[in-house]
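**Student:** How does the following fold in three dimensions:
(4 chains, ligands or ions: 2)
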Amino acid sequence: MKNSGYYSQFGGAFIPEILVPTFDELESAYLAAREDESFWREYLDLMSTYSCRATPITRLDNLSSQLGGANIFVKREDLNHTGAHKANNVMGQGLLTRRMGKKRVIAETGAGQHGVATATMAAKFGFDCTIYMGAHDVARQRPNVFWMEQMGATVVAVTEGSQTLKDAINEAFRDWVSNMDDTHYVLGTACGPHPFPEMVSWFQSIIGTESRAQMLERNDRLPARVYACVGGGSNAMGIFSGFIDDNDVELVGVEAGGRGRGAGQHAARLAYDDATIGVAQGYKTYFLQDRDGQMQDTHSVSAGLDYVGVSPILSSMHESGRVRFEAASDDDVVNAMQRTVRHEGLIPALESSHAFAQAYREAPGMSAEEDILINMSGRADKDIFTVADAVDDPKWREFIIDKADAYKQEMGDA
Amino acid sequence: MKNSGYYSQFGGAFIPEILVPTFDELESAYLAAREDESFWREYLDLMSTYSCRATPITRLDNLSSQLGGANIFVKREDLNHTGAHKANNVMGQGLLTRRMGKKRVIAETGAGQHGVATATMAAKFGFDCTIYMGAHDVARQRPNVFWMEQMGATVVAVTEGSQTLKDAINEAFRDWVSNMDDTHYVLGTACGPHPFPEMVSWFQSIIGTESRAQMLERNDRLPARVYACVGGGSNAMGIFSGFIDDNDVELVGVEAGGRGRGAGQHAARLAYDDATIGVAQGYKTYFLQDRDGQMQDTHSVSAGLDYVGVSPILSSMHESGRVRFEAASDDDVVNAMQRTVRHEGLIPALESSHAFAQAYREAPGMSAEEDILINMSGRADKDIFTVADAVDDPKWREFIIDKADAYKQEMGDA
Amino acid sequence: MREQTTLEQSIRQARDKKDILLMTHIVLGYPSFDDSLRMVEDMVNAGVDLMELQIPFSEPMADGPVILRANAEALKAGATVEQSFKMAERMTKEFDIPFLFMTYYNILFCHGVSRFVDDCSRIGIQGCIVPDLPPAEGQEYLDAMHAAKLSPIHIFTPNTPADRMRHLSDNSSGFIYTVARKGVTGKDTAFSDELSDYLALCNSNTDLPLAVGFGVKSREDIDFLRGKVDIAVVGSESIRVMEQDGVGAVKGFIETLVA
Amino acid sequence: MREQTTLEQSIRQARDKKDILLMTHIVLGYPSFDDSLRMVEDMVNAGVDLMELQIPFSEPMADGPVILRANAEALKAGATVEQSFKMAERMTKEFDIPFLFMTYYNILFCHGVSRFVDDCSRIGIQGCIVPDLPPAEGQEYLDAMHAAKLSPIHIFTPNTPADRMRHLSDNSSGFIYTVARKGVTGKDTAFSDELSDYLALCNSNTDLPLAVGFGVKSREDIDFLRGKVDIAVVGSESIRVMEQDGVGAVKGFIETLVA
Ligand SMILES: Cc1ncc(COP(=O)(O)O)c(C=O)c1O
Ligand SMILES: Cc1ncc(COP(=O)(O)O)c(C=O)c1O
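**Tutor:** Ligands and ions are numbered 1, 2, ... in the order given. Just a heads-up that it's a prediction; the model follows:
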């Protein structure tokens, strides 16, 4: 256990003693994989045959002209197998798990997206799989649970704490401290103890590498700004990493503004100043916590951004000013989603719609000679329950009520 | 109006007089587009930037070794934008609609997949859009209806006839005979009056062209057999077209065997001998009809294959023996789907799962030196209501009942 | 010059006595075959000049909601092609006006096209309207109809160019059926100057008598058409009257048209 | 040689009189601060030798379900760090055994590490267990603890290699806490030969007294440990007894252990 994995003052590995050798092993395996060129080649091959990398870049023709200003381009991570950028990370960690000779994976999941991705990877690699998910989220995201179970994963509903993402992470660690010998914990975002933030960012860097080349090829210039939503920070780290050395490219991270400023109303750790530096879930970063250091409730229309912490690498980029952080409110996000669906036929996940909302706000003030790039981290069609509620569709309610009546009748008849 | 569009004795254009000029116009536009190389270039460009073509080919590592015999490969049409091969057809017809200067599109839909694809295309191209859908299907496929409406499409529930796909087609024609001047009817499969079977097959041929090149590059040989499910026949025509001149490649079309032989139990027009030649919905082919020529009810676990007719081009290939037709039963199909999910992490649509079921039946009898290719025409994650019912998941029912109770309570409180 | 069929001759003779003829339409077997018979009897007694008998089909693509539902209900009640022929045979025997079949091509195709035409001939049906069978697809049918001296009737529409009108006319006998507007059966039509121009165009492109249908439903509509066409066709409207006020009401409705 | 802290001295003195010491654990503020006080009083009266006071934290990653829930309930009831300090101060004043704090690093970090250590010192806390703070991350904490002559206590686990045991021992004072198995607090441990071997290994890699925890819950467990370690730690089990039979039952439970 080395004192490594710091990004200015953020990061580290604040882990129970029993996991120290496991983290040492993971870090070695990760570093060895980075050294070994064949590993990345195998990763690229997997991603281009099992998922559809390189994912394309789509120009928003209608909205670019409706909004005026910058030309809007979208990196289509929604087209990945399982519908989000999460696939990039889990497939990479799957290869690493096999390299370490482990036979079982565990993961936390909030929205369910990372759980589905991990269960998919486990089915593909033949690993046993247990997914921890807050009981609240299990109730909200049954479709994802259904698919995880179909994939053969065991989904454990976590009834502790706020019954959401952070509690699922705690539970996953509790499993790991008992089963580290045969089990790898597939953390879903660029958070947690070292080497997770760096490793997850590495796997997600495939987004940025592709994007930079694609934008150059298409427009003969780099985008003026790149937008990504920020939950834990993995899709943002992924796309930003392609442009980090291009100082003219402004990087914009968009957090969950929820219902606005104030404790419990949002999940904006860096854009607002409700968060303070702390240490939890194994790493040091900005957390939404009270003065004692107890984590606070957060709120967002999108489960995937509804998290108390944020990637330590992004905290350091916030500090250095390399990345600008903004927050988009629930209402703006639902509007941006509907607008994108209506005028471009794309269905961005509510998470991704945060990036769209901010881009739509800024594009009109920019010049037609400038391009902007939005990372569409995922698609929303699987989150129909959430989206239908967010747009408050009465026909959907009716459908569910009728469906329930039909089930009750069948069960009565049986 | 020329007497064209026949494939041996099948095909033709049996259309109301009022549509004759419209079909003449469509045929000319289609033929001109085929002549014009820039059209196909534009099409390829659209499909590679708006969807993720070329879609990859995935090897089923686990099932190939579990089953023994042939190496199983899958063409991943599920990774298309909107989740199925339907995108290929609608985007092509979208370009054609723009070329003809029309401003409105209409379409029929059964499962909802083609409706979502068309609504998406309309949003992207800025067309008005009306989707006809049997009232039964509207009730069963609310998620798809929800997305069509979000895209700005008007969804009309057709309450005539059996309230399913064929009735939606009739209704779409009824709309068209009133609004042909500004409206294009985006037919969803390789059926209907000439030039639809040929035109839809042309757009779908992108699947076969890619597949042949990909299989050769990957394995240095062609697959021994190619499997596709057959509803109207568009995904089958798409993939088969790449191998039609390769006489050593056996082409296998898999129809909906439903609950087995006998009227009303299935939708197998060519694999069983319950169908006879007839003329309906504007074209001549095998139909599941009674002796008078009245169309019969059909049944399939998958709405997208639940159709009385079949592509006239496939009927002629059935006659010539170029394509072998088989039927897979509902039970086999659900098993094949679950097996694919469980062991490969792929979620084939119930439609596509017909092709998987037949391939799994045949692979063990083949040699390890042979490859087979399955067309995965779409993904099932949007059809969760159907799939959850097909696998009879009690937790899903509970979830729906709880959700309905919550809605009722909210509505009571409001 | 083409040879006049019996149907054309009867129409021309009737026109010598009346300045416009009335053709009505029913769906055989809807709501029952007995009711079909009763309605035809009432219509003939009320002064109808020609009858169009629709053999129900499960996919009536060119029909609007009213006739569509009538087709579906007749089939649901068990109507078969054989019963339709039997009932038509009885009608042609009992009533001394020309009867036509209207149906979709699959009914002919499955019955066997030449057998279908022979059966029409045998039972005294004088012509057929098959809305989904353009001449290009219907050579066998046209040949059989001409051989049997029956009238294959085709349709002119507001979208049909003049040269195609002549082509359709060349392939027709008996009369030409023109639809007064785009769309399906049973919707409203505007009886306007534009319509007059269109009908003049139709007349100038055929030497056959002209019938006009789609949306004719009142005495005023018929008055408008007088002098412009030979036959006014009332289709959906009599079914609508029957559905609303019962089979017995049809007679009265027809009488208001011909009074 | 390292200087002995007060804590180590007290342990060694107590061991002169007893062949195994008993340390128990409570979560401050659970179910209430009054109950915490009552339990400590009963435990001390029943013969407990050391007390581990857990300051509740919202994310107790290394704790199992029982202590996890106790943390959550204490916070829900409004427990703050300030109240925990106040209560601990009262306890150290009233009861003449060594008291330790157990909590997670964020509590120290947000309080300010050196202020936290100063406050411990001021109120008579003799050592701290911070399970998510490995020495590599805790230099500031270690320096402050050593300066204040308080005992930073680290944990040996069945996964810890010998060289790391020595590293942990070098950074600890007071005693070494060894966990008897993998996993979180509150699950069953097998008291076996394997455990004896492991404890011998632990002893050979530190010159500090050894406490063993995770799963100790009966007189037999303690008998097994006698002669192998200096301190037996009863954690979740006393909370479990309290939850099942009430605060008053804890005293009886402890008495069965030390009898
Ligand atoms: C589609 C999508 N986007 C974004 C996120 C947020 O995660 P991250 O910030 O790690 O990209 C999630 C998390 O579930 C997600 O599902
Ligand atoms: C995924 C999928 N596959 C196949 C089909 C069947 O259509 P076709 O035979 O035209 O490919 C459908 C139709 O909805 C579909 O959605």
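**Student:** Other residues contacting whichever strand in chain C runs longest?
**Tutor:** Within chain C, and with DSSP state E defining each element, the longest strand by residue count is strand C:21-27. Outside of strand C:21-27, the residues within contact range by CB atoms under 8 Å, 6 or more residues apart in numbering or on different chains are C:11, C:14-15, C:36, C:39-40, C:43, C:47-54, C:56, C:67, C:70-71, C:74, C:102, C:211, C:213, C:222, C:230-236, C:238-239, C:254, C:257-258. C-beta here means a position set from N, CA and C on the backbone, and glycine is covered the same way.
**Student:** Return the residues of chain A in contact with ligand 1.
**Tutor:** Along chain A, the residues adjacent to ligand 1 under the rule CB under 6 Å from any ligand atom are A:84, A:86, A:110-111, A:113-114, A:189, A:229-236, A:304-305, A:349, A:351-352, A:377-378.
**Student:** hmm, try it at 5 Å
**Tutor:** Residues of chain A lying near ligand 1 by CB under 5 Å from any ligand atom: A:84, A:111, A:113, A:189, A:231-235, A:304, A:349, A:351, A:377-378.
**Student:** Next step: those residues restricted to helices.
**Tutor:** Using DSSP state H, the subset of these located in helices is A:113, A:234-235, A:351.
**Student:** Let me have the residues you listed in JSON lines, extended by neighbour count.
**Tutor:** Listed next are those as JSON lines, based on neighbours: other CB atoms under 10 Å in any protein chain shown:
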{"residue": "A:113", "neighbour count": "28"}
{"residue": "A:234", "neighbour count": "29"}
{"residue": "A:235", "neighbour count": "31"}
{"residue": "A:351", "neighbour count": "32"}
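**Student:** TSV for the residues you listed, including pLDDT?
**Tutor:** Formatted as TSV, those follow (pLDDT from 0 to 100):
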residue	pLDDT
A:113	93
A:234	98
A:235	98
A:351	96
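**Student:** sorry, back to before: which among the contacts of strand C:21-27 count as buried?
**Tutor:** C:11, C:14, C:36, C:39-40, C:43, C:47-54, C:56, C:67, C:70-71, C:74, C:102, C:211, C:213, C:222, C:230-236, C:238-239, C:254, C:257-258 (16 or more other CB atoms under 10 Å in any protein chain shown).
**Student:** Would you check which of those are in contact with chain A?
**Tutor:** For chain A, no contacts are drawn from the buried ones among the contacts of strand C:21-27 by CB under 8 Å from any CB of the partner chain.
**Student:** Quick check: the residue of chain C found nearest chain B vs residue B:287, distance?
**Tutor:** Residue of chain C nearest chain B, by CB to the nearest CB: residue C:110 (3.4 Å). Separation of residue C:110 from residue B:287 (CB to CB, to the nearest Å) stands at 9 Å.
**Student:** Scan the helices and strands of chain A for the one with the lowest mean pLDDT.
**Tutor:** When each helix and strand of chain A is scored by mean pLDDT, DSSP states H and E, helix A:135-140 comes last, with a mean of 84.
**Student:** Which residues does that helix contact?
**Tutor:** With CB under 8 Å, 6+ apart as the criterion, helix A:135-140 contacts A:109-112, A:145, A:155, A:157-159, A:162-165, A:168, A:303, A:385-386, B:399, B:402.
**Student:** tell me which element residue 44 is part of?
**Tutor:** Let's take chain A. Following DSSP states H and E, one finds residue A:44 within helix A:37-49.
**Student:** was after chain C, sorry
**Tutor:** Judged by DSSP H and E, residue C:44 forms part of helix C:33-46.
**Student:** Does anything pack onto the helix or strand following that helix? Which helices or strands?
**Tutor:** Sequence order places strand C:50-54 as the next helix or strand after helix C:33-46, per DSSP H and E. Applying 3 or more CB pairs under 8 Å, 6 or more residues apart in numbering or on different chains; DSSP states H and E, one finds that strand C:50-54 contacts strand C:21-27, helix C:33-46, helix C:65-76, helix C:81-94, strand C:99-102.
**Student:** Determine whether any part of the fourth one lies close to chain B.
**Tutor:** Yes: where contact is defined by CB under 8 Å from any CB, part of helix C:81-94 touches chain B, namely residue C:81.
**Student:** Phi, psi for residue A:258 please.
**Tutor:** The phi/psi pair for residue A:258 (degrees, to the nearest 10) reads phi 50, psi -130.
**Student:** Return the set of residues that bridge with it.
**Tutor:** Assessed by DSSP bridges, residue A:258 has beta-bridge partners residue A:329.
**Student:** And for it, the neighbour number?
**Tutor:** Residues lying near residue A:258 (other CB atoms under 10 Å in any protein chain shown) number 26.
**Student:** what do you get for residue C:65?
**Tutor:** 16.
**Student:** Let me see the contact set for the spatially most central residue of chain C.
**Tutor:** Nearest to the geometric centre of chain C sits residue C:52, at 4.0 Å (CA atoms, centre = their mean). By CB under 8 Å, 6+ apart, residue C:52 lies in contact with C:23-26, C:100-102, C:129, C:233, C:235.
**Student:** how much space between it and residue C:207?
**Tutor:** 22 Å.
**Student:** just residue A:304 next, same as before
**Tutor:** Taking CB to CB, one finds residue A:304 at 74 Å from residue C:207.
**Student:** Show me the domain layout of chain A.
**Tutor:** Domain ranges of chain A: A:6-48+A:86-196, A:52-83+A:205-388, per automatic domain parsing.
**Student:** For residue D:248, find the nearest of the ones you listed.
**Tutor:** domain A:6-48+A:86-196 (27.6 Å; CB to CB).
**Student:** which residues does residue C:200 contact?
**Tutor:** Contacts of residue C:200 (CB under 8 Å, 6+ apart): residue C:228.
**Student:** Helices along chain C, start to end?
**Tutor:** Counting by DSSP H, chain C has helices at residues C:6-17, C:33-46, C:65-76, C:81-94, C:105-111, C:113-123, C:139-147, C:162-170, C:193-204, C:219-225, C:236-245, C:249-258.
**Student:** List the buried residues for the last one?
**Tutor:** What it means is helix C:249-258. Per 16+ other CB under 10 Å, helix C:249-258 contains these buried residues: C:250-251, C:253-254, C:257-258.
**Student:** residues touching the residue in the stretch 101-250 of chain A that chain C sits nearest to, list them.
**Tutor:** Residue nearest to chain C within the stretch 101-250 of chain A: residue A:143 (36.5 Å; CB to the nearest CB). Residues near residue A:143 by CB under 8 Å, 6+ apart: A:112, A:382, A:384-385, B:381, B:384.
**Student:** Next: residue A:129.
**Tutor:** Neighbour list for residue A:129: A:104-107, A:118-119, A:122-123, A:151-154 [criterion: CB under 8 Å, 6+ apart].
**Student:** and it, that one's in a helix?
**Tutor:** No: applying DSSP: H, G, I helix; E, B strand; the rest coil, one finds residue A:129 to be strand, outside a helix.
**Student:** does it have beta-bridge partners, and which?
**Tutor:** residue A:105.
**Student:** so of the contacts of residue A:143, which ones are in strands?
**Tutor:** Short answer: the contacts of residue A:143 have none in strands (DSSP E).
**Student:** Output the residues you listed in CSV; the columns should cover distance to chain C, pLDDT and neighbour count.
**Tutor:** Shown next, in CSV, are these (distance: CB to the nearest CB, whole Å; pLDDT from 0 to 100; neighbours: other CB atoms under 10 Å in any protein chain shown):
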residue, distance to chain C, pLDDT, neighbour count
A:112, 43, 91, 27
A:382, 36, 77, 26
A:384, 32, 88, 21
A:385, 36, 88, 19
B:381, 33, 86, 21
B:384, 32, 88, 21
